[in-house]
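Student: Fold the stuff below for me.
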Amino acid sequence: MKISIASYSFHGLRGADMMDVFGYLETCKYRYQLDAADIWNGLIGRDETAYLQDSFLKKLREALAEREMTLANYHADGCHIWEDDAGQREAHHRSALAHLKAAAYLGAKTVRIDAGGKGQVWTAEQFDLIVKYFKEYVQFGLDHGFKVGPESHWGPELVPDNMERLARAVNHPGFGILMHIGHWENAPEEEGDRRLAPWAVHTHVDARITRTRLEPAMRALIAAGYQGYWGVEHHSSKNEYAEVAYQVAEVRRVLEKIRLETETKPA
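Tutor: Numbering: from 1, shown residues only. Predicted structure coming up:
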(Lines give C-alpha, C1' and ligand atoms only; values in the text may rest on other atoms or scores of the structure.)
Protein backbone atom coordinates (compact mmCIF):
# COMPACT_ATOMS: atom_id res chain seq x y z
CA MET A 1 0.00 0.00 0.00
CA LYS A 2 1.25 3.50 -0.81
CA ILE A 3 1.24 5.00 2.68
CA SER A 4 3.76 7.38 4.22
CA ILE A 5 3.98 9.37 7.44
CA ALA A 6 4.81 13.06 7.25
CA SER A 7 7.71 13.46 9.64
CA TYR A 8 6.08 16.58 11.08
CA SER A 9 3.83 14.05 12.83
CA PHE A 10 6.67 13.62 15.34
CA HIS A 11 7.51 17.28 15.87
CA GLY A 12 6.74 16.89 19.59
CA LEU A 13 9.38 14.19 19.89
CA ARG A 14 11.71 16.27 17.75
CA GLY A 15 11.26 19.25 20.05
CA ALA A 16 12.06 17.07 23.04
CA ASP A 17 15.22 15.80 21.31
CA MET A 18 13.74 12.28 21.27
CA MET A 19 13.75 11.78 17.49
CA ASP A 20 15.93 12.71 14.55
CA VAL A 21 15.53 11.87 10.87
CA PHE A 22 17.32 8.53 11.25
CA GLY A 23 15.08 7.54 14.15
CA TYR A 24 12.13 8.58 12.01
CA LEU A 25 13.20 6.20 9.24
CA GLU A 26 13.56 3.36 11.76
CA THR A 27 10.11 4.20 13.12
CA CYS A 28 8.43 4.17 9.72
CA LYS A 29 10.15 0.97 8.60
CA TYR A 30 9.93 -1.15 11.71
CA ARG A 31 7.18 0.27 13.93
CA TYR A 32 4.70 0.93 11.13
CA GLN A 33 6.06 -1.43 8.44
CA LEU A 34 6.15 1.23 5.72
CA ASP A 35 8.50 1.41 2.77
CA ALA A 36 8.20 5.15 2.14
CA ALA A 37 9.47 8.29 3.86
CA ASP A 38 7.76 11.70 3.87
CA ILE A 39 10.43 14.06 5.14
CA TRP A 40 9.84 17.56 6.53
CA ASN A 41 13.09 19.51 6.62
CA GLY A 42 12.32 20.69 10.17
CA LEU A 43 12.95 17.15 11.42
CA ILE A 44 16.33 17.01 9.70
CA GLY A 45 17.67 20.05 11.53
CA ARG A 46 17.33 23.73 12.22
CA ASP A 47 20.42 24.83 10.32
CA GLU A 48 20.14 24.14 6.60
CA THR A 49 23.77 25.12 6.04
CA ALA A 50 24.58 21.92 7.95
CA TYR A 51 21.92 19.46 6.82
CA LEU A 52 22.17 20.40 3.14
CA GLN A 53 25.87 19.58 3.09
CA ASP A 54 26.93 16.69 0.87
CA SER A 55 28.34 14.75 3.81
CA PHE A 56 25.01 14.73 5.66
CA LEU A 57 22.89 14.08 2.58
CA LYS A 58 25.08 11.10 1.75
CA LYS A 59 24.28 9.60 5.17
CA LEU A 60 20.58 10.23 4.66
CA ARG A 61 20.58 8.67 1.19
CA GLU A 62 22.42 5.63 2.54
CA ALA A 63 19.89 5.34 5.37
CA LEU A 64 17.00 5.35 2.88
CA ALA A 65 18.73 2.77 0.67
CA GLU A 66 19.64 0.52 3.60
CA ARG A 67 15.98 0.34 4.61
CA GLU A 68 14.83 0.06 0.98
CA MET A 69 12.61 3.11 1.41
CA THR A 70 11.25 5.47 -1.23
CA LEU A 71 11.26 9.21 -0.49
CA ALA A 72 7.64 9.85 -1.41
CA ASN A 73 7.77 13.53 -0.54
CA TYR A 74 10.26 16.11 0.67
CA HIS A 75 8.57 19.19 2.11
CA ALA A 76 10.73 22.22 2.78
CA ASP A 77 9.74 25.06 5.08
CA GLY A 78 11.59 28.38 5.11
CA CYS A 79 12.04 28.74 1.36
CA HIS A 80 8.57 29.87 0.21
CA ILE A 81 8.63 32.11 -2.82
CA TRP A 82 7.04 35.38 -1.80
CA GLU A 83 8.36 37.60 0.97
CA ASP A 84 7.73 41.34 1.06
CA ASP A 85 11.44 42.08 1.44
CA ALA A 86 13.38 41.64 -1.82
CA GLY A 87 16.47 40.41 0.00
CA GLN A 88 14.48 37.71 1.76
CA ARG A 89 12.92 36.68 -1.54
CA GLU A 90 16.35 36.18 -3.06
CA ALA A 91 17.56 34.26 -0.02
CA HIS A 92 14.48 32.01 -0.18
CA HIS A 93 15.08 31.42 -3.88
CA ARG A 94 18.64 30.27 -3.22
CA SER A 95 17.40 28.07 -0.40
CA ALA A 96 14.69 26.55 -2.60
CA LEU A 97 17.25 25.66 -5.27
CA ALA A 98 19.43 23.99 -2.64
CA HIS A 99 16.46 21.97 -1.37
CA LEU A 100 15.58 20.92 -4.91
CA LYS A 101 19.13 19.69 -5.46
CA ALA A 102 18.97 17.79 -2.17
CA ALA A 103 15.63 16.24 -3.15
CA ALA A 104 17.09 15.11 -6.47
CA TYR A 105 20.09 13.55 -4.72
CA LEU A 106 17.80 11.75 -2.25
CA GLY A 107 15.55 10.42 -5.02
CA ALA A 108 12.38 12.24 -3.99
CA LYS A 109 9.21 11.58 -5.98
CA THR A 110 7.55 14.88 -5.04
CA VAL A 111 8.67 18.14 -3.42
CA ARG A 112 6.61 20.77 -1.63
CA ILE A 113 7.73 24.39 -1.65
CA ASP A 114 5.14 26.93 -0.55
CA ALA A 115 4.14 29.96 -2.57
CA GLY A 116 4.10 32.46 0.30
CA GLY A 117 2.01 35.57 0.73
CA LYS A 118 -0.44 36.62 3.41
CA GLY A 119 -4.20 36.76 3.70
CA GLN A 120 -6.36 35.20 1.02
CA VAL A 121 -5.21 36.83 -2.23
CA TRP A 122 -2.01 37.33 -4.18
CA THR A 123 -1.32 40.67 -5.78
CA ALA A 124 -0.42 40.72 -9.47
CA GLU A 125 3.24 41.22 -8.55
CA GLN A 126 3.20 38.33 -6.12
CA PHE A 127 1.40 36.00 -8.49
CA ASP A 128 3.72 36.75 -11.41
CA LEU A 129 6.83 36.00 -9.35
CA ILE A 130 5.31 32.84 -7.85
CA VAL A 131 4.45 31.55 -11.32
CA LYS A 132 7.91 32.47 -12.64
CA TYR A 133 9.76 30.64 -9.88
CA PHE A 134 7.48 27.62 -9.95
CA LYS A 135 8.12 27.27 -13.68
CA GLU A 136 11.83 27.17 -12.89
CA TYR A 137 11.38 24.70 -10.03
CA VAL A 138 9.07 22.32 -11.87
CA GLN A 139 11.40 22.16 -14.86
CA PHE A 140 14.24 21.20 -12.54
CA GLY A 141 11.96 18.59 -10.99
CA LEU A 142 10.95 17.18 -14.35
CA ASP A 143 14.59 16.96 -15.38
CA HIS A 144 15.37 15.00 -12.21
CA GLY A 145 12.33 12.73 -12.00
CA PHE A 146 10.05 14.43 -9.50
CA LYS A 147 7.14 16.86 -9.33
CA VAL A 148 7.14 20.17 -7.46
CA GLY A 149 4.44 22.44 -6.13
CA PRO A 150 2.78 24.06 -3.14
CA GLU A 151 0.58 22.61 -0.42
CA SER A 152 -2.88 23.70 0.65
CA HIS A 153 -1.01 24.92 3.67
CA TRP A 154 -1.24 28.62 4.60
CA GLY A 155 -2.04 32.07 3.22
CA PRO A 156 -3.58 32.30 -0.27
CA GLU A 157 -2.77 28.61 -0.87
CA LEU A 158 -5.80 27.76 1.26
CA VAL A 159 -8.22 29.23 -1.29
CA PRO A 160 -9.12 26.76 -4.09
CA ASP A 161 -9.58 29.58 -6.62
CA ASN A 162 -5.98 30.65 -6.07
CA MET A 163 -4.52 27.16 -6.31
CA GLU A 164 -6.45 26.30 -9.44
CA ARG A 165 -5.40 29.59 -11.04
CA LEU A 166 -1.77 28.90 -10.11
CA ALA A 167 -1.85 25.37 -11.51
CA ARG A 168 -3.28 26.61 -14.80
CA ALA A 169 -0.77 29.46 -15.03
CA VAL A 170 2.25 27.22 -14.42
CA ASN A 171 0.76 24.69 -16.85
CA HIS A 172 3.66 22.25 -16.71
CA PRO A 173 3.90 18.44 -16.44
CA GLY A 174 6.36 18.85 -13.58
CA PHE A 175 3.83 20.72 -11.44
CA GLY A 176 1.83 19.02 -8.71
CA ILE A 177 0.03 19.93 -5.52
CA LEU A 178 0.53 18.45 -2.08
CA MET A 179 -3.12 18.28 -1.10
CA HIS A 180 -3.65 18.59 2.63
CA ILE A 181 -7.05 16.96 2.35
CA GLY A 182 -9.92 19.20 3.45
CA HIS A 183 -7.65 22.11 4.36
CA TRP A 184 -9.36 24.92 2.47
CA GLU A 185 -10.92 28.34 2.99
CA ASN A 186 -13.63 30.21 1.07
CA ALA A 187 -15.12 26.96 -0.25
CA PRO A 188 -16.53 23.71 1.14
CA GLU A 189 -13.68 21.34 1.84
CA GLU A 190 -15.11 18.64 -0.42
CA GLU A 191 -15.20 21.17 -3.26
CA GLY A 192 -11.58 22.17 -2.71
CA ASP A 193 -10.52 18.53 -2.76
CA ARG A 194 -12.50 17.85 -5.92
CA ARG A 195 -11.29 20.90 -7.82
CA LEU A 196 -7.59 20.38 -7.08
CA ALA A 197 -7.63 16.59 -7.37
CA PRO A 198 -6.38 16.67 -10.99
CA TRP A 199 -3.12 18.26 -9.80
CA ALA A 200 -2.66 16.24 -6.58
CA VAL A 201 0.62 14.30 -6.52
CA HIS A 202 0.89 13.77 -2.77
CA THR A 203 -1.47 14.06 0.20
CA HIS A 204 -1.49 14.81 3.89
CA VAL A 205 -4.26 13.18 5.89
CA ASP A 206 -4.75 14.77 9.30
CA ALA A 207 -6.52 13.45 12.41
CA ARG A 208 -9.71 15.45 11.81
CA ILE A 209 -10.17 14.04 8.32
CA THR A 210 -9.32 10.57 9.62
CA ARG A 211 -12.13 10.81 12.16
CA THR A 212 -14.77 12.52 10.02
CA ARG A 213 -14.61 11.83 6.27
CA LEU A 214 -11.56 9.74 5.45
CA GLU A 215 -13.21 7.13 3.26
CA PRO A 216 -15.26 9.48 1.05
CA ALA A 217 -12.28 11.81 0.67
CA MET A 218 -10.00 8.98 -0.39
CA ARG A 219 -12.61 7.55 -2.75
CA ALA A 220 -13.09 10.93 -4.39
CA LEU A 221 -9.37 11.33 -5.02
CA ILE A 222 -9.02 7.80 -6.36
CA ALA A 223 -11.99 8.37 -8.66
CA ALA A 224 -10.18 11.46 -9.99
CA GLY A 225 -7.17 9.30 -10.86
CA TYR A 226 -4.95 9.93 -7.83
CA GLN A 227 -2.05 7.44 -7.70
CA GLY A 228 0.28 8.99 -5.14
CA TYR A 229 1.04 8.17 -1.54
CA TRP A 230 -1.37 8.73 1.34
CA GLY A 231 0.69 10.80 3.75
CA VAL A 232 -0.55 10.53 7.32
CA GLU A 233 0.13 13.74 9.25
CA HIS A 234 -0.50 14.29 12.96
CA HIS A 235 -0.37 17.74 14.56
CA SER A 236 -1.04 17.58 18.31
CA SER A 237 2.59 16.91 19.42
CA LYS A 238 1.09 14.58 22.07
CA ASN A 239 1.03 10.78 22.26
CA GLU A 240 2.43 10.78 18.74
CA TYR A 241 3.33 7.11 18.30
CA ALA A 242 -0.19 5.95 19.22
CA GLU A 243 -2.03 8.70 17.38
CA VAL A 244 -0.05 8.08 14.20
CA ALA A 245 -0.66 4.32 14.54
CA TYR A 246 -4.42 4.98 14.64
CA GLN A 247 -4.32 7.17 11.54
CA VAL A 248 -2.14 4.74 9.59
CA ALA A 249 -4.46 1.86 10.52
CA GLU A 250 -7.50 3.77 9.26
CA VAL A 251 -5.84 4.61 5.95
CA ARG A 252 -4.85 0.95 5.57
CA ARG A 253 -8.38 -0.14 6.35
CA VAL A 254 -9.90 2.09 3.68
CA LEU A 255 -7.35 1.08 1.06
CA GLU A 256 -7.90 -2.60 1.79
CA LYS A 257 -11.67 -2.15 1.63
CA ILE A 258 -11.37 -0.50 -1.77
CA ARG A 259 -8.93 -3.16 -3.00
CA LEU A 260 -11.28 -5.99 -2.03
CA GLU A 261 -14.21 -4.27 -3.72
CA THR A 262 -12.18 -3.89 -6.90
CA GLU A 263 -11.03 -7.50 -6.89
CA THR A 264 -14.54 -8.92 -6.35
CA LYS A 265 -16.26 -6.63 -8.85
CA PRO A 266 -17.71 -8.63 -11.80
CA ALA A 267 -15.84 -8.23 -15.06
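Student: Which of the residues in the helix or strand that contains residue 210 are classified as buried?
Tutor: Per DSSP states H and E, residue 210 falls inside helix 207-212. Going by neighbour count (16 or more other C-beta atoms under 10 Å), the buried part of helix 207-212 is 207, 209, 210. All C-beta atoms are positioned from the backbone trio N, CA, C, and that covers glycine.
Student: Please apply the same query to stretch 30-43.
Tutor: 32, 34, 36, 37, 38, 39, 40, 41, 42, 43.
Student: farthest pair in those residues?
Tutor: Greatest spatial distance in these: 32 and 41, 21.0 Å, computed using C-beta to C-beta.
Student: got the buried residues of helix 207-212 as TSV, with distance to residue 135 and pLDDT columns?
Tutor: Listed next are these as TSV, based on distance: C-beta to C-beta, whole Å; pLDDT from 0 to 100:
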residue	distance to residue 135	pLDDT
207	35	98
209	31	98
210	35	98
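Student: Relative to residue 93, which of these is nearest.
Tutor: Nearest to residue 93 among the buried residues of helix 207-212: residue 209, at 32.8 Å, using C-beta to C-beta.
Student: tell me what the host helix or strand of residue 72 is packed against?
Tutor: If you go by DSSP H and E, residue 72 is part of strand 70-76. Here strand 70-76 touches strand 36-40, helix 41-44, helix 86-106, strand 110-113, going by 3 or more C-beta pairs under 8 Å, 6 or more residues apart in numbering; DSSP states H and E.
Student: most tightly surrounded among those?
Tutor: Of the helices and strands packed on strand 70-76, the one with the most neighbours on average (mean count of other C-beta atoms under 10 Å) is strand 110-113, at a mean of 28.
Student: elements contacting the next helix or strand after it?
Tutor: Using DSSP H and E, the helix or strand that directly follows strand 110-113 along the chain is helix 124-143. Helices and strands touching helix 124-143, by 3+ C-beta pairs under 8 Å, 6+ apart, are helix 86-106, strand 110-113, strand 147-149, helix 160-170.
Student: Quick check: which of the ones you listed is nearest to residue 215?
Tutor: helix 160-170 (21.7 Å).
Student: next one: the closest one to chain centre, how far?
Tutor: Mean C-alpha position of helix 160-170 versus that of the full chain (C-alpha atoms, centre = their mean, to the nearest Å) differs by 17 Å.
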